[in-house]
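Asks: show me how the following folds:
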Amino acid sequence: MKKLRHAVVGLLLVVVGLGGCTATNEAPVIISEYFALEHLSSKQEVLSKAKQALLRDGFQILSTDLEAGYISTSLKHWKLTPEQANCGATRGQDYLEGNHTKTEVAFNVVVDDKIVIVRSNIQGEYLPGEPAQDLTLHCVSRGVIEVEMVKKILL
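Replies: So this is what the prediction gives:
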């Protein structure tokens with residue numbers, strides 16, 4: 001009986017010890033931001049300017065519907081900063097501060113007769129060098145990149 005108790009205690013210590021070695025990913029708790037702004041141009045003019053701005057920045061247009069008023073891009077590699085997005089943290093350090101994080105961004109631009117809306121989709125990966133430690137990060141925008149894109153479209 002004593003040997004069984006020692007074996008159980010030993011097993012628990014191993015399990016608890018291994019649990020402390022795993023990476024902890026504190027997912028962001030903020031809601032993804034988007035940016036909307038009123039425009040004075042026609043819907044078609046704004047969509048044309050949006051398409052040009054996205055292409056100038058190296059985004060590939062994935063789908064577009066000029067009648068419905070939207071443009072969507074495919075993902076593009078873009079090294080984001082903690083001011084631009086929140087991808088979570090580990091042990092109090094923001095994943096975006098280090099050199100082991102890869103981020104990709106896609107944009108959706110929606111235009112009607114009065115308003116242009118820009119929303120981003122951000123995907124992140126933490127790649128510390130050991131494939132077993134790679135993490136998919138849940139990233140959300142802080143709204144900065146959307147504001148920058150609206151400025152490129154309307155100004």
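
Asks: what's the mean pLDDT across the host helix or strand of I117?
Replies: Using DSSP states H and E, I117 sits within strand 115-126. Averaging pLDDT along strand 115-126 gives 97.

Asks: packing partners of that strand?
Replies: strand 34-38, strand 101-111, strand 135-138, strand 140-141, helix 144-154 (3 or more CB pairs under 8 Å, 6 or more residues apart in numbering; DSSP states H and E). All C-beta atoms are positioned from the backbone trio N, CA, C, and that covers glycine.

Asks: the ones you listed into TSV, with extra columns for mean pLDDT?
Replies: Formatted as TSV, the helices and strands packed on strand 115-126 follow (pLDDT from 0 to 100):
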stretch	mean pLDDT
strand 34-38	95
strand 101-111	98
strand 135-138	95
strand 140-141	96
helix 144-154	97
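
Asks: would CSV of the ones you listed with mean neighbour count and distance to A85 be doable?
Replies: Converted to CSV, the helices and strands packed on strand 115-126 look like this (neighbours: other CB atoms under 10 Å; distance: least, CB to CB, whole Å):
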stretch, mean neighbour count, distance to A85
strand 34-38, 14, 13
strand 101-111, 21, 7
strand 135-138, 16, 10
strand 140-141, 21, 5
helix 144-154, 19, 8
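
Asks: closest to C87 out of these?
Replies: Counting by CB to CB, C87 lies closest to strand 135-138 out of the helices and strands packed on strand 115-126; the figure is 4.2 Å.

Asks: with just CA atoms, put the closest one into PDB.
Replies: The C-alpha trace of strand 135-138 is given here as PDB (Å, rounded to 0.1, in the frame of the first residue of the first chain):
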ATOM      1  CA  LEU A 135       1.600  28.000 -31.700                       C
ATOM      2  CA  THR A 136      -1.200  29.400 -33.700                       C
ATOM      3  CA  LEU A 137      -2.000  32.800 -32.300                       C
ATOM      4  CA  HIS A 138      -5.500  34.400 -32.000                       C
END
